[in-house]
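In: Sharing a model prediction with you, sequence too.
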Amino acid sequence: MIYQYWNKEMETLERSALEAYQLTQLKAAVAQALQTPFYRERLAAVGIRSDADIKDLEDVRRIPFTTKGDLRTGFPYGFLSIPREEVVRLHASSGTTGTPTTIYFSKEDIHRWTAFVARSIYATGCNKTDVFQNMITYGLFTGGLGFHFGGEAVGMLVIPSGSGNTTRQFKLMQDFGTTVVHATPSFLLHVQAKMQEEGVRREQLKLTRAFAGAEPYSEDTRRRIEELLRIDVYNSYGLSEMNGPGVAFECQAKNGLHLWEDGYLGEIVNPETLEPVPDGETGELVLTCLCREATPILRYRTRDLSGFYTEPCPCGRTHRRLRRITGRTDDMLIINGVNLFPGQIEEVIMAIKEVGNNYLILVEKEGVLDRLTVKIEVGSEVFRDDTRPLNALKERIRKTLQASITINPRVELHQQGSLPVSEGKARRVLDQRPTV
Ligand code: ADP
Ligand code: ZN
């Protein structure tokens, strides 16, 4: 395989030089953060009063963590560290877990962010001959404009289709010969199911690649999308606190996401003790933004669970790779005392070939006990007068799930296309237990 680099020098920089660069950027980020009352106080409390107090990369561990709660407290302008007149754009997180938080960008910030997205897109083998349909929500959410600008920087023809309306999406794909799409993995599965329903044949489309992200998905889900749509799917990770997309991205080796370490300083910590985990182990990803002046954010607790691969990537990039993000620490459900991540359910069911493209996890209270129901779409061929095959499949799924999650779920099978589809991030869990 021939790998192409957007910024070869930076992407393949020797570790020692990369770390030296990170130190310079970290000092700049600290100096910038000291412009805000929030960080001035936080940093003074640990004896950091100027960027000169940061002497090597290890010193990052002296900096207190920043949480989503902190950012909310600072709403709206508490984290702004440049004059308001220098700000050219704002974005907000999707608010999956509460009040959204706001990030501000200067002109320079937009340029730097765009370069990271362009680098990510280019690493998957795209170039200016591609037609790129950005099937994700535009607006305050960073995924729309972030990929839009990145795609244009690469020189691709960008179609700002936004999310939803599959019929129009197919029309655009056919009219303009779309080769690359960006969407959430759940929307890609929905697109595939709709293709069948609307009689769109694969041969009518020129698709070769998809960037899938904004929500966790399993390796089996990736494989399923790749096989059904006959494309390559690249995992795309980002969060608004770190600009948005283009934080970590898979290269053509498709084995882990390169964290762009000249822009983002990454640590993996134990979410309980907040101490670093041993090399290669899973924990909570903590990120410091090294490439933004308007809203400095240091040691942000992403709550996302991942770990670093320790072996080098065949592509030659020196930026470390993150493992697929399996979920968030705060996604965890406790069902009758047993801990469960929604991703564990997806991992099991997406490996079962009869299972369709959508599912929903329902948690209810039944008396004093918690009740877990997994609603799963399956193809119409299973729904016949003879209900035995349906019941057998249901029982097989239930047993497989129980063996893996050690909770006995109720399993319901539904017709393909009957469970709700979200245009943005999928809402897989419906927790209807009363909050006490
Ligand atoms: P919100 O926290 O409101 O969802 P964002 O819209 O900024 O805010 O979304 C960022 C979050 O989306 C990440 O912190 C992560 O939980 C999730 N996410 C983004 N990309 C991926 C991915 N490729 N795999 C798993 N989770 C992802
Ligand atoms: Zn690589």
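Out: Alright, I've got the coordinates. Numbering: from 1, shown residues only. Ligands and ions are numbered 1, 2, ... in the order given.
In: Can you list the residue ranges for helices in this structure?
Out: 8-11, 15-33, 37-45, 68-73, 107-123, 142-154, 166-176, 185-198, 219-229, 342-349, 388-405 (DSSP state H).
In: Could you export the ones you listed as a markdown table, including distance to Thr273, mean neighbour count and mean pLDDT?
Out: To be clear about C-beta, it is placed using only N, CA and C from the backbone, and glycine gets the same treatment. Shown next, in a markdown table, are these (distance: least, CB to CB, whole Å; neighbours: other CB atoms under 10 Å; pLDDT from 0 to 100):
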| stretch | distance to Thr273 | mean neighbour count | mean pLDDT |
| --- | --- | --- | --- |
| helix 8-11 | 34 | 16 | 98 |
| helix 15-33 | 23 | 17 | 98 |
| helix 37-45 | 20 | 15 | 97 |
| helix 68-73 | 19 | 16 | 93 |
| helix 107-123 | 31 | 22 | 98 |
| helix 142-154 | 31 | 24 | 98 |
| helix 166-176 | 46 | 16 | 97 |
| helix 185-198 | 32 | 20 | 94 |
| helix 219-229 | 29 | 18 | 96 |
| helix 342-349 | 23 | 21 | 94 |
| helix 388-405 | 26 | 14 | 95 |
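In: how about those helices, which one is nearest ligand 2?
Out: Counting by CB to the ion, ligand 2 lies closest to helix 107-123 out of the helices of the chain; the figure is 7.2 Å.
In: any idea of the angle that closest one forms with helix 142-154?
Out: 80 degrees (axes from the mean of the first three to the mean of the last three CA atoms, to 10 degrees).
In: Quick one: residues contacting Val60.
Out: Leu26, Ile54, Leu265, Glu267, Thr288, Leu298, Arg299 (CB atoms under 8 Å, 6 or more residues apart in numbering).
In: I'd like to know which residues of the stretch 101-250 of the chain are adjacent to ligand 1.
Out: Within the stretch 101-250 of the chain, the positions near ligand 1 by CB under 6 Å from any ligand atom are Phe141, Gly213, Ala214, Glu215, Pro216, Asn235, Ser236, Tyr237, Gly238, Leu239, Ser240.
In: Next, count neighbours for the closest residue in space to the fourth one that isn't next to it in sequence.
Out: By the measure of CB to CB, 6 or more residues apart in numbering, the closest residue to Glu215 outside its immediate chain neighbours is Lys425, 4.7 Å from it. Other residues near Lys425 number 19, with proximity taken as other CB atoms under 10 Å.
In: in the chain, which ranges drop under the pLDDT threshold?
Out: Scanning the chain for pLDDT under 70 picks out 94-97, 436.
In: domains for it, by residue range?
Out: According to automatic domain parsing, the chain comprises the domains 1-330, 332-431.
In: First-to-last residue distance for the longest one?
Out: End-to-end distance for domain 1-330, by CA to CA, to the nearest Å: 39 Å.
In: Just confirm yes or no for that domain near ligand 2.
Out: Yes - residues of domain 1-330 contacting ligand 2 under CB under 5 Å from the ion: Cys251, Ala253, Cys313, Cys315, Arg317.
In: Output these in a markdown table; the columns should cover neighbour count.
Out: A markdown table is the format used below for those (neighbours: other CB atoms under 10 Å):
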| residue | neighbour count |
| --- | --- |
| Cys251 | 27 |
| Ala253 | 16 |
| Cys313 | 19 |
| Cys315 | 21 |
| Arg317 | 23 |
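In: Spatially, which two of these are the most separated?
Out: Ala253 and Arg317 (9.2 Å; CB to CB).
In: now stretch 236-252: how far from the chain's centre is it?
Out: 7 Å (CA atoms, centre = their mean, to the nearest Å).
In: Could you report the neighbour count for the residue of the stretch 301-436 of the chain found nearest ligand 1?
Out: Nearest to ligand 1, among the residues of the stretch 301-436 of the chain, is Ile325, at 3.7 Å (CB to the nearest ligand atom). Using other CB under 10 Å as the criterion, Ile325 is surrounded by 21 other residues.
In: Could you list which residues are in contact with the nearest residue to Gln402 once chain neighbours are set aside?
Out: Spatial nearest neighbour of Gln402, chain neighbours left out: Asn408 (5.1 Å); criterion: CB to CB, 6+ apart. By CB under 8 Å, 6+ apart, the contact set of Asn408 is Leu372, Arg398, Gln402.
In: what's the nearest residue to Leu390 if we skip its chain neighbours?
Out: Leaving aside its sequence neighbours, Leu390 sits nearest to Val382 (CB to CB, 6+ apart; 5.2 Å).
In: how close does that neighbour get to ligand 2?
Out: 40 Å (CB to the ion, to the nearest Å).
In: quick one: that residue and Arg222, what's the gap?
Out: As judged by CB to CB, to the nearest Å, Val382 and Arg222 stand 24 Å apart.
In: go on, Ile376?
Out: 19 Å.
In: residues from the stretch 251-400 of the chain in reach of ligand 1?
Out: Thr302, Asp304, Ile325, Arg328.
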